[in-house]
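Student: quick one, what's the 3D model for this:
(one chain, ligands or ions: 1)
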Amino acid sequence: MRMYDLIENKKKGMALTKEEISYMVKGFVNGEIPDYQMSAMLMAIYFQGMNDQEITYLTLEMAHSGDTVDLSPIEGIKVDKHSTGGVGDKTTLVVGPVVASLGVKVAKMSGRGLGHTGGTVDKLESIPGFRTAIPRDEFFDIVREQGIAVIGQSGNMVPADKKLYALRDVTATVDSIPLIASSIMSKKLAAGSDSIVLDVKTGSGAFMKSLDDSISLAEKMVSIGILAGRRCCALITNMDIPLGYAVGNSLEMTEAIRTLRGNGPEDLTQVCLELAANMLHMADKGSVQECREQAGKAIEDGSALQCLAAMVKAQGGDENYIWEPERFEEAKMLYEVKAPVSGYITHMDTEGIGIASVLLGAGRNTKDDCIDYSAGIQLKKKYGQRVEAGDVLAVLHGSDQDRIRAGADKFLSSCAIGDLAPAKEPLIYARVSDYGVERFS
Ligand code: URA
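Tutor: Here you go, the predicted structure:
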C-alpha cells in the first residue's frame with residue numbers, strides 16, 4: 001500500500017477502505033507517513049468528505065492508536081460529556097458536580113484551551129494546588145469516593161488525534177465534519193464511559209457556524225457512539241453569543257461557582273440543566289423532565305456545590321476558593337470598554353471575543369504558551385440589549401497596557417451596535433439521539 005495512492009483516491013472522491021485507514025493512521029502515528037502527505041490527505045478529506053463507514057473506521061482506528069481506559073472497576077453507569085468548544089463554556093464545571101451529586105459517576109478527561117476556545121483543565125488549574133495529572137488508580141479512587149474527578153488526557157491516549165489535531169490546526173482543516181467527529185469520538189471512546197452526552201455548539205463562536213452543519217456533525221457523532229456500543233445523544237446549543245458573562249479561567253470558575261449556588265446567568269444555568277438532565281437520563285435516573293427537576297434540586301440544596309468542593313480537595317486544590325471565590329487573584333489591570341454609540345447590540349462575533357480574551361492572556365497562541373489565569377473578559381451587556389453611548393460593554397482583565405489595548409480593539413470590533421432590536425436567538429436548538437433529530441426551534 002502507498003500513501004500516495006490513498007491521497008490520489010481521496011482526491012477523486014473515492015472511499016477509503018478499513019485496511020487503508022488502518023495503514024494510514026498507524027503509519028502516521030509511528031512516523032512512517034510524513035506530515036506533508038498527511039496534510040494533503042486532510043485537505044482531500046476536507047473537500048471530498050467521508051462516508052459514515054469511513055468516519056467510523058477512522059474513529060475506531062484513532063481510539064485504539066494508544067492507551068484506552070477500562071472504567072469497569074468503578075461500579076455503576078459512568079457518564080461523560082463533551083463540548084465541541086466555545087467561548088465562556090464552563091458547563092463541565094457545573095454539570096459534572098450536579099450529576100455526580102445525584103449518584104452518577106463522572107470520570108472525565110478534559111482538554112486545555114486552544115485557539116479561541118477555552119478548556120476545562122485550564123479553568124480548574126486556576127485553583128491553587130489543583131492537580132489534573134493523576135495516576136490512574138488515584139483517579140479511580142477519587143471517582144469512587146467523590147463521584148467525580150476531572151483530569152487532563154494522560155500521556156499516550158489517542159496519539160493519532162494529538163498528531164492529527166496539531167496538523168489540522170496549521171493546515172486550515174479543523175472545520176471538517178468527518179475530522180471533528182473522529183477527533184472527538186475517538187477520545188470519548190478511549191476514555192471508557194458507558195454514556196456520552198455531546199454539546200455541539202453552533203454559531204459564530206463554534207467550529208460549526210451553521211445549524212445544518214452542527215446537526216450533521218451531531219448525527220455522525222451520535223451514530224458512531226451507538227455503533228461502538230455506547231449510549232449517546234447530543235444537544236445543539238447556541239454559541240453565537242458567549243455563554244454566561246465570564247470569559248477567562250478564574251473568571252469562569254467564579255461564574256460556575258455562582259451557578260452552582262443558584263445565582264448564575266440564565267443562559268448558562270439553562271444549558272447546564274439540560275445537559276445534566278440528559279446525562280442523568282442516560283444513566284437511567286428517569287425521564288429527561290424528571291432528571292431536569294433532580295438537577296435543579298441538586299443546585300438548590302447545595303449538594304452539587306459540595307460535590308465540586310470535595311473533588312477540588314481530593315485533587316489537591318484549595319477548596320476555600322470554592323466557598324470564597326473572591327480569593328481568586330484579580331488581574332493587575334481592569335479596563336472598561338464603553339459603547340461608542342447608542343443602540344442595540346445586534347451581533348457579537350463570539351470567535352472574535354474568544355480571540356480578545358486570548359490577547360488579554362487567558363489563552364494560548366501555541367500549545368506551549370503560559371496563560372494568565374486572572375485574565376479575561378467580564379461582559380456587562382450581551383446580544384439584544386439596549387446600550388447608551390458610554391455604557392460599559394465589558395470589563396477587560398489583563399496584566400499590561402499592550403495586552404489591554406489589543407484585547408479592547410478586538411473586543412470592540414467584535415460587537416455591532418444598530419438601531420433595531422435583533423430577534424431573540426434560541427439557546428437550545430435540537431436534540432439528536434437514536435430516535436433522530438428533535439428540533440426545539
Ligand atoms: N474538539 C476536538 O476535540 N476536536 C476537534 O476536531 C474539534 C473540537
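Student: could you use CA atoms for every contact and neighbour count after this?
Tutor: Noted.
Student: list phi and psi for Ala234.
Tutor: phi -140, psi 140 (degrees, to the nearest 10).
Student: try the one 3 residues further on
Tutor: Backbone dihedrals for Thr237, given as degrees, to the nearest 10, come out at phi -120, psi 160.
Student: check the one 10 residues further on too.
Tutor: Per-residue torsions, Val247: phi -130, psi 120 (degrees, to the nearest 10).
Student: show the contacting residues for the closest residue to it other than its chain neighbours.
Tutor: Leaving out its chain neighbours, the residue that sits closest to Val247 by CA to CA, 6 or more residues apart in numbering is Gly88, at 4.6 Å. Applying CA atoms under 8 Å, 6 or more residues apart in numbering to Gly88 gives the contacts Gly118, Pro242, Leu243, Gly244, Tyr245, Ala246, Val247, Gly248, Glu252.
Student: you'd agree Tyr429 is in a strand?
Tutor: Yes - the assignment for Tyr429 is a strand, going by DSSP: H, G, I helix; E, B strand; the rest coil.
Student: related to what we said a few turns ago, buried subset of the contacts of Gly88, written for PyMOL?
Tutor: Selection of the buried residues among the contacts of Gly88 in PyMOL, burial being defined by 16 or more other CA atoms under 10 Å:
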select buried, resi 118+242+243+244+245+246+247+248+252
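Student: restricted to strands, list the contacts of Gly88.
Tutor: By the criterion of DSSP state E, membership of those in strands covers Ala246, Val247.
Student: and the strand or helix carrying Asp212, what's its mean pLDDT?
Tutor: Using DSSP states H and E, Asp212 maps to helix 211-227. Averaging pLDDT along helix 211-227 gives 96.
Student: just stretch 250-263 next, same as before
Tutor: Stretch 250-263 shows a mean pLDDT of 98.
Student: one step back: can I get the contacts of Gly88 in a markdown table including distance to Thr59?
Tutor: A markdown table is the format used below for those (distance: CA to CA, whole Å):
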| residue | distance to Thr59 |
| --- | --- |
| Gly118 | 24 |
| Pro242 | 30 |
| Leu243 | 29 |
| Gly244 | 32 |
| Tyr245 | 35 |
| Ala246 | 34 |
| Val247 | 31 |
| Gly248 | 31 |
| Glu252 | 32 |
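Student: which among the contacts of Gly88 are in contact with the ligand?
Tutor: Checked against the ligand using CA under 6 Å from any ligand atom, the contacts of Gly88 yield no neighbours at all.
Student: out of the contacts of Gly88, flag the one nearest to Leu393.
Tutor: Relative to Leu393, the closest of the contacts of Gly88 is Tyr245; by CA to CA it sits at 10.8 Å.
Student: isn't that closest one right next to Gly376, touching?
Tutor: No - Tyr245 lies out of contact with Gly376 (CA atoms under 8 Å); the separation is 10.7 Å.
Student: in which helix or strand does Ser250 reside?
Tutor: Counting by DSSP H and E, Ser250 is found in helix 249-260.
Student: helix, strand or coil for the residue of the stretch 201-350 of the chain found nearest the ligand?
Tutor: In the stretch 201-350 of the chain, the residue found nearest to the ligand is Phe207; the distance is 7.0 Å by CA to the nearest ligand atom. Here Phe207 is coil, with the state taken from three-state DSSP.
Student: neighbours around it, how many?
Tutor: Look at Phe207: counted by other CA atoms under 10 Å, it has 23 neighbours.
Student: one step back: what packs against the helix holding Ser250?
Tutor: helix 91-101, helix 120-125, helix 303-314, strand 376-379 (3 or more CA pairs under 8 Å, 6 or more residues apart in numbering; DSSP states H and E).
Student: buried ones in the shortest one?
Tutor: It refers to strand 376-379. Gly376, Ile377, Gln378, Leu379.
Student: likewise stretch 22-34?
Tutor: Buried, per 16+ other CA under 10 Å, within stretch 22-34: Ser22, Tyr23, Met24, Val25, Lys26, Gly27, Phe28, Val29, Ile33.
Student: sticking with the second one, tell me its helix or strand.
Tutor: For Tyr23, the host element (DSSP H and E) is helix 18-29.
Student: quick one: the residue nearest to Val247 from the ligand, how far?
Tutor: 15 Å (CA to the nearest ligand atom, to the nearest Å).
Student: for that residue, helix, strand, or coil?
Tutor: The three-state label given to Gly88 by three-state DSSP is coil.
Student: rewinding a little: now, among the buried residues of stretch 22-34, which is nearest to the ligand?
Tutor: When these are ranked by distance to the ligand (CA to the nearest ligand atom), Val25 comes first, at 15.7 Å.
Student: do a quick rundown of the helices in the stretch 151-300 of the chain.
Tutor: Residue ranges of the helices in the stretch 151-300 of the chain, as given by DSSP state H, counting those that start in this stretch, are 159-170, 177-191, 211-227, 249-260, 266-282, 288-300.
Student: which ones are touching the closest residue in space to Asp175 that isn't next to it in sequence?
Tutor: For Asp175, ignoring the flanking residues on the chain, the nearest one in space by CA to CA, 6+ apart is Phe207 at 5.7 Å. Contact analysis of Phe207 by CA under 8 Å, 6+ apart lists Thr84, Gly85, Val174, Asp175, Lys201.
Student: re the thing from before, CA atoms of the helix holding Asp212 as CSV?
Tutor: Presented in CSV, the C-alpha positions along helix 211-227 are these (Å, rounded to 0.1, in the frame of the first residue of the first chain):
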residue,chain,number,x,y,z
LEU,A,211,-27.1,24.9,12.3
ASP,A,212,-27.3,22.4,9.5
ASP,A,213,-23.6,21.6,9.7
SER,A,214,-23.9,21.3,13.5
ILE,A,215,-26.8,18.9,13.3
SER,A,216,-25.0,16.9,10.7
LEU,A,217,-21.9,16.7,12.9
ALA,A,218,-24.1,15.7,15.9
GLU,A,219,-25.8,12.9,13.9
LYS,A,220,-22.4,11.5,12.8
MET,A,221,-21.0,11.5,16.4
VAL,A,222,-24.1,10.0,17.9
SER,A,223,-24.2,7.2,15.3
ILE,A,224,-20.5,6.4,16.0
GLY,A,225,-21.1,6.3,19.7
ILE,A,226,-24.1,4.0,19.3
LEU,A,227,-22.3,1.8,16.8
